[in-house]
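J.: this is a predicted model, with the sequence first.
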Amino acid sequence: MAENMLGNLKNNVVHEIMRVAAVLDPRYKIKLLEYYYVKLYGNDANDQVKSIRQLCYDLFYEYQLKMNNGSSSDSQMLDVHFSNVEDDGLEDYDLYVRKKRARTSFVKIELDVYLEEEVLPRSPDFDILLWWKLNGVKYLTLQTIANDVLAISVSTVASESAFDTDGHILSPH
């Protein structure tokens with residue numbers, strides 16, 4: 001029973017990553033999921049789309065916080081600005097304002113703009129990694145997410161058979 005639960009958990013994670021990968025493809029974005037979810041889920045399609053949209057926002061927030069915890073010129077500029085204020089017991093408030101500003105303004109500018117732009121025309125020779133490389137200046141956080149998500153190789157080979165060497169050993173000849 002535990003193996004079955006673990007298998008279901010792995011499948012859910014894989015499905016969520018594949019959905020995020022579809023959203024990160026500028027030829028499809030959310031529109032592809034909307035199209036298929038109506039066919040698959042009928043009246044529940046909107047709930048499914050909201051779910052994947054929320055997953056994208058959650059992932060974006062997580063990456064944004066991780067990137068802001070590194071070093072950012074904006075956060076350093078805010079640190080200088082707030083360090084000039086005398087010690088008045090509101091340091092926690094200053095931290096709150098910095099986090100709130102990083103979450104609200106940046107998300108609405110980057111993720112929302114990306115999702116609201118028209119999808120690109122589909123073509124068989126489209127290189128999604130090149131597109132993200134060229135458009136990374138406009139979508140810094142999304143480019144980082146795309147690099148991580150799109151780097152995951154997709155395979156239909158069961159993990160047990162991938163490491164099974166029985167019958168695959170080469171002879172000296």
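T.: On my side now, so go ahead. Residues are numbered from 1 along each chain as shown.
J.: where along the protein do the helices fall?
T.: Listed in chain order, the helices of the chain (DSSP state H) span 2-23, 29-41, 45-69, 73-83, 91-116, 128-135, 140-150, 159-162.
J.: comparing the ones you listed by mean pLDDT, which bottoms out?
T.: Within the helices of the chain, confidence is poorest for helix 73-83, with a mean of 44 (mean pLDDT).
J.: hey, C-alpha coordinates of stretch 28-43 in CSV?
T.: The C-alpha coordinates for stretch 28-43 follow below in CSV (Å, rounded to 0.1, in the frame of the first residue of the first chain):
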residue,chain,number,x,y,z
TYR,A,28,1.0,27.3,-25.5
LYS,A,29,1.0,29.0,-22.0
ILE,A,30,-2.2,28.6,-20.2
LYS,A,31,-4.3,28.5,-23.4
LEU,A,32,-3.3,24.9,-24.2
LEU,A,33,-4.4,23.7,-20.8
GLU,A,34,-7.7,25.7,-21.1
TYR,A,35,-8.3,24.0,-24.4
TYR,A,36,-7.7,20.5,-23.2
TYR,A,37,-9.2,20.8,-19.8
VAL,A,38,-12.6,21.7,-21.2
LYS,A,39,-12.5,18.4,-23.1
LEU,A,40,-11.2,16.4,-20.2
TYR,A,41,-12.9,18.0,-17.2
GLY,A,42,-16.0,19.6,-18.7
ASN,A,43,-17.5,21.9,-16.0
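J.: ok, and for that stretch, which residues are buried?
T.: Tyr28, Lys29, Ile30, Leu33, Tyr37 (16 or more other Cβ atoms under 10 Å). Every residue, glycine included, has its C-beta placed from N, CA and C.
J.: which of those residues sits closest to Met18?
T.: Nearest to Met18 among the buried residues of stretch 28-43 is Leu33, at 10.3 Å by Cβ to Cβ.
J.: against Tyr114, how distant is the closest one?
T.: Note on Leu33: its distance to Tyr114, by Cβ to Cβ, to the nearest Å, is 15 Å.
J.: how about Gln64?
T.: Counting by Cβ to Cβ - Gln64 and Tyr114 are separated by 13 Å.
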